[in-house]
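> Structure here, sequence nowhere to be found:
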């Protein structure tokens, strides 16, 4: 890290974010601005006229936004922040190279802020990171610890009229809560005081690569919270220095659930958390359905315990946790009784958790899925197809459009048709409709009273407005 600026040096330099509206970039821009840095940026989505309300909110918060034509890069003192996926031919990248500007990836910048805080609390794993980051951040906030929180999703508890895109919270410099990403290998940059490991399953990298990355992550953490219900995560326990385990099923987990105490409903659930360090029991109310969210709650409680927050305090805080945008987010119910849900599910494990939650209550499921890229679809396509075929019943239906594509160089030879064929070959019901708009029309046409429609996908903020449009089409059709 020696080649990077120190924390104090960072705040003295102006920043320019290329892709400032991205889910990983926007919270970092908010944190830097909140800590006194001068921040500007550009975004391809803004130039294309997408999610205009988000960019209007950023401008209202004082961010100066430019077209993505290089005009915002004017001084060698600027630090250019861009994701590792941004092409060198993007005008900002070209101009920054001409001027000799320092360039940091999103992960490099976040790791500097994380590692120079008093105590960095990291949340890692293939699935559930944003939810647990939000839960753990809310616990630390409720406990009076004044955390800075870096998340990839909007945390409803922190949304205000002046701060509608609350994917970050600017607190003190002593505690920094952040999800950390294994998909690009950048998890290796972080030195956690507390390292939470949720699960280890296939996503962007092979299992062998993931095992190495997560093992090293645990070894760098001063204390770790590990999911004892996940066999792959538990197998990495010997790499940790000090551990608190959590789990629903594992009876030896230090933070667990009293058997028989789970009451799971369609919009909330209850359980009794047991702290096996002292045998104390703590009734938990969670305003998020699904067994995976109960596991997420235990992860947040265990992570907070690693940071010195009593289990009872953490459980009490979660009773007022409002959840995250696009995480089983109920958009509404039509006049005819069709419920539309917006969800971030995009890999096999996330999609399976969402579909299982839906199938735990009666009603047909219409599952729309927008692949978040051609590369990820090649990497996990077979597992995705298996997930949809396994989790959905014969009367359910999966509808998929072409993968999201916002430009750039990528091999687009293998598309969604292959996934649909695998689902139908396995006995599932699935349709491929290339256009997302036409998918919405089809879904509205086939929706019946009592159906649950879930819109799933990642890396595309317009999916929420798409979900709302389906609800509107259903109501319009009923008029």
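Yep, it's here. Source: prediction; values computed, not measured.

> all helices for the stretch 151-300 of the chain, in order.
207-220, 231-235, 291-306 (DSSP state H, counting those that start in this stretch).

> And these: which comes nearest residue 320?
For the helices of the stretch 151-300 of the chain, the distance to residue 320 is smallest for helix 291-306, at 12.7 Å, taking C-beta to C-beta. Where C-beta positions appear, they are placed from N, C-alpha and C, glycine not excepted.

> Quick check: buried residues in that closest one?
Using 16 or more other C-beta atoms under 10 Å as the test for burial, helix 291-306 gives 291-306.

> With stretch 112-123 instead?
Residues of stretch 112-123 classed as buried: 112, 113, 114, 115, 116, 117, 119, 120, 121, 122, 123 (neighbour count, 16+ other C-beta under 10 Å).

> Now those in JSON lines, please, with extra columns for secondary structure.
Supplementary listing: the buried residues of stretch 112-123 in JSON lines, determined by DSSP: H, G, I helix; E, B strand; the rest coil:
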{"residue": "112", "secondary structure": "helix"}
{"residue": "113", "secondary structure": "helix"}
{"residue": "114", "secondary structure": "helix"}
{"residue": "115", "secondary structure": "helix"}
{"residue": "116", "secondary structure": "coil"}
{"residue": "117", "secondary structure": "coil"}
{"residue": "119", "secondary structure": "strand"}
{"residue": "120", "secondary structure": "strand"}
{"residue": "121", "secondary structure": "strand"}
{"residue": "122", "secondary structure": "strand"}
{"residue": "123", "secondary structure": "strand"}
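
> just these now: which is nearest residue 55?
Ranked by distance to residue 55 (C-beta to C-beta), the buried residues of stretch 112-123 are led by residue 113 at 23.5 Å.

> Against residue 31, how distant is the closest one?
7 Å (C-beta to C-beta, to the nearest Å).

> list residues touching both of those two?
Common neighbours of residue 113 and residue 31, using C-beta atoms under 8 Å, 6 or more residues apart in numbering, are 148, 150.

> Report how many residues lie close to residue 392.
22 (other C-beta atoms under 10 Å).

> thinking it is in contact with residue 369, fair?
No. With the criterion set as C-beta atoms under 8 Å, residue 392 and residue 369 do not qualify as a contacting pair; they are 11.1 Å apart.

> Which neighbours do these two have in common?
Both residue 392 and residue 369 are contacted by residue 398, under the criterion C-beta under 8 Å, 6+ apart.

> thinking again about what came up before, want to throw the helices of the stretch 151-300 of the chain into CSV with mean pLDDT?
Output for the helices of the stretch 151-300 of the chain, formatted as CSV (pLDDT from 0 to 100):
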stretch, mean pLDDT
helix 207-220, 95
helix 231-235, 97
helix 291-306, 97
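
> Make JSON lines out of these and add distance to residue 271.
As requested, those are exported to JSON lines (distance: least, C-beta to C-beta, whole Å):
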{"stretch": "helix 207-220", "distance to residue 271": "27"}
{"stretch": "helix 231-235", "distance to residue 271": "21"}
{"stretch": "helix 291-306", "distance to residue 271": "6"}
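
> And those helices: which comes nearest residue 150?
With respect to residue 150, and counting by C-beta to C-beta, the nearest of the helices of the stretch 151-300 of the chain is helix 291-306 at 14.6 Å.

> Below-threshold pLDDT in this structure: ranges please.
Across the chain, the ranges flagged by pLDDT under 70 are 1-3, 203-204, 406-413, 478-479.

> So the residue nearest the centre of it: helix, strand or coil?
Within the chain, one residue has its C-alpha closest to the average C-alpha position: by C-alpha atoms, centre = their mean, that is residue 130, at 4.0 Å. Residue 130 carries the three-state label helix when classified by three-state DSSP.

> check contacts around it.
If you count contacts by C-beta under 8 Å, 6+ apart, residue 130 has them with 151, 152, 153, 179, 324, 327, 344.

> Excluding residues flanking it in the chain, which one is nearest it?
residue 153 (4.1 Å; C-beta to C-beta, 6 or more residues apart in numbering).

> Distance check, residue 370 against residue 377.
For residue 370, the distance to residue 377 (C-beta to C-beta) stands at 11 Å.

> ok, now residue 170?
From residue 170 over to residue 377 the distance is 36 Å, taken as C-beta to C-beta.

> contacting residues around the closest residue to residue 112 other than its chain neighbours?
Ranked by C-beta to C-beta, 6+ apart and with sequence neighbours excluded, the top spatial neighbour of residue 112 is residue 4, at 5.6 Å. For residue 4, the residues meeting the contact criterion (C-beta under 8 Å, 6+ apart) are 104, 108, 112.

> about what we covered before: which among the helices of the stretch 151-300 of the chain is found nearest to residue 137?
Comparing the helices of the stretch 151-300 of the chain by their distance to residue 137 (C-beta to C-beta), the top pick is helix 291-306, with 8.7 Å.

> what's the spacing between the closest one and its chain's center?
Counting by C-alpha atoms, centre = their mean, to the nearest Å, helix 291-306 is centred 16 Å from the centre of its parent chain.

> same for the helix or strand following that helix, what does it pack against?
Using DSSP states H and E, the helix or strand that follows helix 291-306 in sequence is helix 311-318. Secondary-structure packing of helix 311-318 (3 or more C-beta pairs under 8 Å, 6 or more residues apart in numbering; DSSP states H and E): helix 129-142, strand 269-275, strand 280-286, helix 291-306.

> Can I get those in TSV including distance to residue 166?
Putting those into TSV (distance: least, C-beta to C-beta, whole Å) gives the following:
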stretch	distance to residue 166
helix 129-142	10
strand 269-275	24
strand 280-286	20
helix 291-306	17
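
> To residue 349, which of those lies closest?
helix 291-306 (8.5 Å).

> Look at residue 170 and residue 377 and report which has more neighbours.
Comparing residue 170 with residue 377 by other C-beta under 10 Å, the one with more neighbours is residue 377, at 20 against 17.

> tell me, how many neighbours does the residue nearest to the more buried one when sequence neighbours are not counted end up with?
In space, residue 377 comes closest to residue 371 once its chain neighbours are excluded; the distance is 4.5 Å by C-beta to C-beta, 6+ apart. The number of residues packed near residue 371 is 26, by other C-beta under 10 Å.

> Next up, the contacts around residue 371.
The contact partners of residue 371, taken as C-beta under 8 Å, 6+ apart, are 346, 377, 400, 402, 403, 404, 416, 419, 457.

> neighbour-wise, which of those residues leads?
Across the contacts of residue 371, the neighbour count under other C-beta under 10 Å reaches its highest value at residue 400, namely 28 neighbours.

> Would you confirm that it contacts residue 416?
Yes. In this structure, residue 400 sits in contact with residue 416. The criterion is C-beta under 8 Å, and the distance is 4.8 Å.

> hey, what's in contact with both of those two?
Common contacts of residue 400 and residue 416, defined by C-beta under 8 Å, 6+ apart, comprise 371, 432.

> in which helix or strand would I find the nearest residue to residue 334 once chain neighbours are set aside?
The shortest distance from residue 334 to any residue that is not its chain neighbour, by C-beta to C-beta, 6+ apart, is 4.4 Å, and that residue is residue 474. Under DSSP H and E, the secondary-structure element containing residue 474 is helix 462-478.
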